[in-house]
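In: Sequence unavailable; structure follows:
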């Protein structure tokens, strides 16, 4: 990624560089950032620029799993909007058992019986009563239930969807 970042930086005009720097600063603020400390073996790869005057002067983003999960969820919600999905259709994709029998009758009708799909007890009741024959992301859901005690991806995507709605998107 570093050679690609260097190429983008070298070819960027001032406004793109400012946008890259602003995004880097936002990420550093959210994650605590870290310095660019290339490993010793980097000398074996001349395409990896270590001189900040010739390449991008910013270190790579710090790996932060929680932040990455939220960013992925924001992208998923945004793509769902771009594809023209309704929240009900997005809920169906994430977990068909989340929809009530009446909601399942017509997926193209945007009407939802469920006012707040993020309310944990209501979600548990709906999925507990459901006899829907399959799940879209069963392995992911099972893994997250074990690891986080909830289907975290679903929650993050629906929270991101709500934020897009609040922002008028």
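Out: Received, thanks. All of these numbers come straight from a predicted model, not from anything done at the bench. Residues are numbered from 1 along each chain as shown.

In: count of neighbours near residue 28?
Out: 15 (other CB atoms under 10 Å). Glycine gets a C-beta too; all of them are placed from N, C-alpha and C.

In: Where does it fall, secondary structure wise?
Out: helix 14-31 (DSSP states H and E).

In: For that helix, name the packing helices and strands.
Out: helix 2-11, helix 65-82 (3 or more CB pairs under 8 Å, 6 or more residues apart in numbering; DSSP states H and E).

In: Comparing the ones you listed by mean pLDDT, which bottoms out?
Out: Lowest mean pLDDT within the helices and strands packed on helix 14-31: helix 2-11, at a mean of 88.

In: the inter-axis angle of that helix versus helix 14-31?
Out: 140 degrees (axes from the mean of the first three to the mean of the last three CA atoms, to 10 degrees).

In: contact partners of helix 2-11?
Out: Helix 2-11 is contacted from outside by 16, 17, 20, 47, 48, 49, 54, 55, 56, 57, 60, using CB atoms under 8 Å, 6 or more residues apart in numbering.
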